[in-house]
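Student: Have a look; sequence and predicted model below, questions after that.
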Amino acid sequence: MSAQYDPIIDRFLDALWLEKGLSDNTRDAYRSDLALFNGWLDERDVRLVDAGRDAILDHLGWRLANGYKARSTARLLSGLRGFYRFLLREGVITVDPTLRVDLPQLGRPLPKALSEADVEALLSAPDVGDPLGLRDRAMLEVLYATGLRVTELVDLGLEQINLRQGVLRTFGKGNKERLVPLGEESLYWVVRYLRDARDALLSGKASDVVFPSRRGDQMTRQTFWHRIKLHARQAGIAVSISPHTLRHAFATHLLNHGADLRTVQMLLGHSDLSTTQIYTHIARARLQELHAQHHPRG
């Protein structure tokens, strides 16, 4: 991708200099960012003044997959916001395409992901001959297969699971609905749990909660979290466990096996790719591996 200059970029930078007195270095950085974005758009036959929100999100995804740092992407978005607000004031455009595009979160650490072997050990730790153990195995399988948040998992109702189609419907942040495939292994354990263990846990109580507590009540996320830590100790897992450990493993292993960031974004329920940027280093490592494997001079 090559930089491509447009006179309107200089008009914006001149206005910005008059308003805020930016240093030469900052102006040069904004000019470079906007020119590179313009070059990326040009390769897709999109004019800078015509770029919409989807184009900006696609560009963020491209940057993430190509190893750009979150800080440089944050600077780019800051420049794009100023640029498109300038165009809006000038009457060049009627809608700001940067609305509802979040800045990447800087300095947000990604917990060390579990290896696939660690996940297998964790999933195998519960005693499935016991109703509680079978419930825990099914819950762990669902977490790893779907990337659900723990809260989404413990709130799961029977009407949200379609066993015939092998999907579940969940409601994430902002009550946004998404459909997530369960996969064969997870589906097997859910069916087995519903058949062999759920009634024993409910002890005759009426409930539509898929995974009740040992007393047949709604389970808290803290209770399930204690169960995860218990099984991690039983499995001999040395990696520090966090509430999102299996969610991170879900995303990490998807990317390691070739999934794209857009797919991971949808499955995790992130509203913007900029949130999924915490997995950038995984995508970068995967791209390097694929390049080395498939490029004739890799």
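Tutor: The structure has been received and is ready for your questions. Numbering: from 1, shown residues only.
Student: Now do G216, the pLDDT please.
Tutor: For G216, the model assigns a pLDDT of 92.
Student: tell me the mean pLDDT for the host helix or strand of L153?
Tutor: Remark: L153 resides in helix 150-154, with elements defined by DSSP states H and E. What helix 150-154 shows for mean pLDDT is 89.
Student: how would you label V180: helix, strand or coil?
Tutor: When classified by DSSP: H, G, I helix; E, B strand; the rest coil, V180 comes out as strand.
Student: do you know how far it is from L143?
Tutor: Relative to L143, V180 is positioned 11 Å away (C-beta to C-beta, to the nearest Å). C-betas here are computed from N, CA, C, even on glycine.
Student: Spatially nearest residue to E152 (excluding sequence neighbours)?
Tutor: T170 (4.8 Å; C-beta to C-beta, 6 or more residues apart in numbering).
Student: Surely the one you found is within a helix?
Tutor: No - under the criterion used here (three-state DSSP), T170 is strand, not part of a helix.
Student: Looks like it contacts T151 (just checking).
Tutor: No - using C-beta atoms under 8 Å, T170 is not in contact with T151, being 9.9 Å away.
Student: out of those two, which sits in the busier spot?
Tutor: The neighbour count for T170 versus T151, taken as other C-beta atoms under 10 Å, is higher for T170 (23 against 15).
Student: pull the CA atoms of stretch 93-105 into CSV?
Tutor: Output in CSV follows, covering the C-alpha atoms of stretch 93-105 (Å, rounded to 0.1, in the frame of the first residue of the first chain):
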residue,chain,number,x,y,z
ILE,A,93,-20.0,15.4,3.8
THR,A,94,-23.3,15.1,5.7
VAL,A,95,-22.5,12.1,8.0
ASP,A,96,-19.4,11.6,10.1
PRO,A,97,-18.2,8.0,9.4
THR,A,98,-16.1,7.9,12.5
LEU,A,99,-19.1,7.9,14.8
ARG,A,100,-19.4,4.7,16.9
VAL,A,101,-15.8,3.7,16.0
ASP,A,102,-14.0,3.2,19.3
LEU,A,103,-10.3,4.0,19.8
PRO,A,104,-8.1,0.9,20.5
GLN,A,105,-7.6,0.5,24.3
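Student: from the chain's centre, how far out does that stretch sit?
Tutor: Stretch 93-105 sits 19 Å away from the centroid of its parent chain (C-alpha atoms, centre = their mean, to the nearest Å).
Student: Quick check: mean pLDDT of that stretch?
Tutor: On average, the pLDDT along stretch 93-105 is 79.
Student: So which bits of the helix holding L153 are buried?
Tutor: Under the neighbour-count criterion of 16 or more other C-beta atoms under 10 Å, helix 150-154 has V150, E152, L153, V154 buried.
Student: Run the chain-centre distance for it.
Tutor: Using C-alpha atoms, centre = their mean, the offset of helix 150-154 from its chain centre is 16 Å.
Student: And for stretch 123-132?
Tutor: Distance, stretch centre to chain centre, for stretch 123-132: 29 Å (C-alpha atoms, centre = their mean).
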